[in-house]
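# Sequence isn't available, so here's the structure alone:
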């Protein structure tokens with residue numbers, strides 16, 4: 001750049017040649033004065049503007065304040081020459097902050113460059129948007145950036161920059177981006193041929209999907225398919241093989257993306273994922289001598305292990321993972337040890353059994369003394385997660401020993417975790433008190449108020465513990481140096497329960513007073529206030545030391561601190577009352593037990609750790625804590641676009657809670673009538689409608705094969721067969737146009753997955769070749785009675801992104817098997833079943849055929865098309881139809897069903913009666929057949 005501008009080259013040389021700062025400033029001031037003069041005079045051509053603005057940029061980079069050149073930079077952006085446009089954009093991104101008024105002047109120029117069919121101008125504009133990223137710019141240009149990303153004419157490097165620009169805008173201004181509206185179109189780009197584009201779009205989708213899980217659910221299948229093509233089929237160019245590992249960055253992102261969603265119930269997806277994860281683990285079984293190859297493999301492997309843990313902790317893959325992790329935590333490489341400990345903590349947070357991890361407990365404890373603090377922190381997290389009732393004393397003891405030499409950055413977190421583990425897994429209250437008092441003595445300033453508040457609450461609520469706690473805390477107070485938190489605990493416990501040990505040798509009232517009062521001179525005013533409350537309690541129970549206590553109240557009546565002075569005056573007045581006065585006794589009654597209250601320590605720990613940009617799908621602390629967190633997160637999720645604000649609200653509320661609430665017994669749990677959003681059904685897609693669509697659908701409900709949907713681009717046909725409670729549909733997808741349908745996606749929506757399961761036999765192909773037909777097999781299983789049809793949604797790119805949702809003709813009658821019965825058997829069973837509620841009946845008008853007669857052929861076609869066996873010569877009226885069948889379900893077993901159809905030509909009415917051993921089956925069969933008889937399924 002400077003080589004083409006001699007003036008700039010000379011200016012840089014002069015600056016570098018300046019021996020002292022004064023000479024540098026003098027040269028810069030001279031140049032700035034010359035530039036101001038030139039800009040003021042005007043009549044500069046593009047080259048001169050570019051040269052002077054470049055000098056201004058260099059001056060700014062050196063750290064000098066610049067107050068000139070902004071308008072010239074704005075004008076340069078509009079230039080048609082690349083070199084001038086480049087300098088203009090560089091100046092805008094460096095000299096202007098996101099709230100600058102000058103930015104309003106460049107929005108239209110940036111939009112013009114985005115609209116140009118010139119990839120260089122596109123990229124310069126995208127750089128400016130991403131670097132400045134103001135709210136006003138995001139609102140004005142996000143649509144243009146999105147259009148550039150999805151445009152089929154955009155170059156691959158432009159698409160990459162557009163995806164990352166949208167990611168930057170979403171992170172800064174999430175409300176500006178209509179994430180849910182763009183979901184299907186963005187996810188379709190995951191099928192792009194260029195892996196670089198896929199990596200950038202996956203990064204964008206990872207950020208969007210965290211806050212809009214339902215809208216981006218279709219990305220799950222895309223991610224699994226892409227992983228299968230990368231790992232199993234080897235579908236990638238040599239450019240994206242990093243030391244023989246296929247695009248490790250993309251693999252890591254896809255594996256992480258899958259962890260945002262609950263494990264899929266689709267057997268095909270589970271099988272493909274299992275194969276992918278098994279292959280990744282097999283490839284990484286033996287380390288290579290090449291460091292870069294190892295790094296890439298380990299990056300993918302650790303994410304694959306995390307996904308395997310997320311999917312199913314009882315899987316054989318997790319057993320293999322535990323063996324690999326045991327090897328990694330003993331590795332000589334710090335990074336491998338770190339990742340091994342972190343992933344093992346994930347396993348501990350999800351596993352049903354901790355036995356595989358306990359085998360390596362010694363190695364993990366040794367990691368607490370690793371030379372790298374990040375490894376020590378991960379070892380602490382792992383020990384915290386793998387602690388249970390069997391190893392709690394050992395782990396807590398080790399943590400207490402390590403606490404004395406631990407880094408200051410770790411101590412506060414360690415204190416919280418030790419306190420939580422001690423309370424959660426205490427085998428006896430005595431061990432709990434001993435451990436917590438040791439913790440307070442060892443940790444000192446790192447002990448938060450929540451810790452000693454919790455001790456007080458537990459001691460107060462446990463009568464058998466009170467005498468022991470008083471003795472132990474007294475012994476701790478006798479040590480020469482005692483931390484103030486221990487003085488607070490001692491003051492409270494001795495004030496309430498000191499009388500329980502007063503008759504024991506060495507614990508007399510006077511000795512208690514002398515030990516506690518000797519610590520008061522080193523305490524702050526709030527602690528002294530607590531000790532004054534202890535003293536007034538002693539006035540009531542220890543009359544022998546009353547004079548000394550009154551003397552202390554007298555002295556404190558004259559201190560400057562208002563709180564201390566007020567307490568001393570009030571307590572002095574109480575203590576000076578006659579001995580037979582009941583006021584003192586009433587005021588100093590023993591504290592009642594606190595209402596049951598969840599510990600505030602866990603909330604404090606979670607707030608301390610905070611959230612990261614890439615939200616974890618698990619937390620440290622064992623399986624129970626993760627299950628509780630999952631339940632709370634489902635209740636807190638208010639749908640698309642609300643996660644970010646919802647999380648903030650919960651956190652702010654928690655921060656606002658006074659820590660004393662852990663003693664106040666306030667019930668802060670969710671109210672019982674709060675909406676449980678985990679039960680809210682996913683909204684079904686809107687199905688295609690039209691006379692032809694309805695006619696095709698009705699025909700397929702009473703036939704095994706036929707056309708389901710057709711338009712100018714695509715044709716969908718069905719061929720089905722059913723046996724028992726299982727069925728198989730061959731779905732034929734035909735591309736009728738001369739260009740391929742790309743990013744082709746097929747998904748099935750089932751309203752009640754507990755009643756009906758529908759899964760594809762394999763992941764559908766993502767491209768439909770021109771003028772050809774593709775077949776997809778769909779396996780269905782009837783578990784219970786269901787009433788809604790599953791919906792097939794196909795989406796594809798054909799110039800624009802298109803999506804079609806159509807009902808599949810899978811009804812409960814498809815799983816009925818016809819039964820042949822004689823006249824006597826039929827009517828006997830008809831009577832046994834009886835009337836309502838096992839009988840469903842409807843009377844409705846029916847059309848006659850062209851000759852004015854009953855269309856008996858069509859009636860028979862409808863009944864037999866719903867898999868019921870028509871019984872001949874059972875009903876004496878030849879116009880009536882009688883049929884029987886058995887519904888097969890995998891959960892409810894077999895359900896009998898009998899039908900009687902009685903058409904009346906004169907009245908043009910029909911009476912349909914269905915009886916079944918299940919009232920739900922009777923109602924559903926009646927509804928389906930009545931609808932078909934009213935319409936035309938021929």
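Structure received. This one's a predicted model, so the numbers in the text were calculated from it and none came from an experiment. Numbers count the residues shown, from 1 in each chain.

# so where do the helices sit in the stretch 101-250 of the chain?
103-115, 119-132, 135-150, 156-172, 179-188, 195-211, 219-227, 248-258 (DSSP state H, counting those that start in this stretch).

# Now do the fifth one, average pLDDT.
For helix 179-188, the per-residue pLDDT values average out at 91.

# Quick check: which helices or strands does that helix pack against?
Applying 3 or more C-beta pairs under 8 Å, 6 or more residues apart in numbering; DSSP states H and E, one finds that helix 179-188 contacts helix 135-150, helix 195-211, strand 742-749, strand 791-798, strand 800-807. Where you see a C-beta, it was placed from the backbone N, CA and C, and this is true even at glycine.

# before we move on, what about the fourth one?
For helix 156-172, the packing partners by 3+ C-beta pairs under 8 Å, 6+ apart come out as helix 119-132, helix 135-150, helix 195-211.

# could you redo these as TSV and give each row mean neighbour count?
Below are the helices and strands packed on helix 156-172 laid out as TSV (neighbours: other C-beta atoms under 10 Å):
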stretch	mean neighbour count
helix 119-132	21
helix 135-150	19
helix 195-211	23
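
# okay, the ones you listed in JSON lines with distance to residue 495 next?
Rendered in JSON lines, the data for the helices and strands packed on helix 156-172 read as follows (distance: least, C-beta to C-beta, whole Å):
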{"stretch": "helix 119-132", "distance to residue 495": "62"}
{"stretch": "helix 135-150", "distance to residue 495": "57"}
{"stretch": "helix 195-211", "distance to residue 495": "50"}
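
# so which of those comes closest to residue 930?
helix 195-211 (43.3 Å; C-beta to C-beta).

# chain center to that closest one: distance?
Averaged C-alpha coordinates place helix 195-211 at 15 Å from its chain's average position (C-alpha atoms, centre = their mean, to the nearest Å).

# can you check stretch 18-38 too?
Once both centres are worked out by C-alpha atoms, centre = their mean, stretch 18-38 turns out to sit 55 Å from its chain's centre.

# tell me which residues of it are tucked away?
Judged by neighbour count using 16 or more other C-beta atoms under 10 Å, the buried positions of stretch 18-38 are 24, 28, 31, 32, 35, 38.

# what about the helices in the stretch 451-600 of the chain?
Ranges of helices within the stretch 451-600 of the chain are 466-477, 484-497, 509-520, 525-541, 546-556, 562-575, 582-587, based on DSSP H, counting those that start in this stretch.

# Buried deepest among those helices, which one?
Neighbour counts averaged per stretch over the helices of the stretch 451-600 of the chain are highest for helix 484-497, at a mean of 24; criterion: mean count of other C-beta atoms under 10 Å.

# Just put the helices of the stretch 451-600 of the chain in CSV and tack on distance to residue 150.
As requested, those are arranged in CSV below (distance: least, C-beta to C-beta, whole Å):
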stretch, distance to residue 150
helix 466-477, 67
helix 484-497, 60
helix 509-520, 71
helix 525-541, 61
helix 546-556, 75
helix 562-575, 65
helix 582-587, 75
